[in-house]
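In: Below is the sequence, then the predicted model.
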Amino acid sequence: MTAFIGMAMHYTSYGTPGGEYGKECRAAIVTEILKPYVSDDEHEVVSLAVLNPTGVFFNQEVKYDRDRAGGTWHYSH
């Protein structure tokens, strides 16, 4: 699957350093494709508008991670 500008996907937040809040999956919209899809082993690097319950933030150069590490994106399906 290839990401495209305007596509809805998920961003995994980092959580807090002290562990008060864990990683959370957040809705995100692709705003830029920085590195296009190459293969299933080498996904896009994108910029995102991340939609949080308390506001929106913009994150650049976000890497794909199917295991959902903090600070990465994954498909919303």
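Out: That came through fine. Just so you know, these numbers come straight off a predicted model, no measurement behind them.

In: Show me the shaky parts of the protein.
Out: 77 (pLDDT under 70).

In: For it, which segments are assigned as helices?
Out: Assigned by DSSP state H, the chain shows no helices.

In: how far away is the residue of it most remote from its centre from Pro53?
Out: Residue farthest from the centre of the chain, counting by CA atoms, centre = their mean, is Gly18 at 22.3 Å. Plainly put, Gly18 is 20 Å away from Pro53 if you go by CB to CB, to the nearest Å. Any C-beta I mention is one placed from the backbone N, CA and C, and that applies to glycine too.

In: just His74 next, same as before
Out: From His74 over to Pro53 the distance is 19 Å, taken as CB to CB.

In: If you count surrounding residues, which of the two has more?
Out: His74 (18 against 6; other CB atoms under 10 Å).

In: so the more buried one touches Arg68, yeah?
Out: Yes: here His74 reaches Arg68: they are 5.6 Å apart, a contact under CB atoms under 8 Å.

In: and for those two, which residues touch both?
Out: His10, Thr12 (CB atoms under 8 Å, 6 or more residues apart in numbering).

In: Run through the strands of the chain in chain order.
Out: In the chain, the strands defined using DSSP state E lie at 8-12, 25-35, 45-52, 55-63, 72-74.

In: you'd agree Ala69 is up against Tyr11?
Out: No: shown here, Ala69 and Tyr11 do not form a contact pair, counting by CB under 8 Å, at 11.2 Å.

In: Neighbour count: those two, which is higher?
Out: In this view Ala69 and Tyr11 are compared by other CB under 10 Å, and Tyr11 has more residues nearby, 25 against 12.
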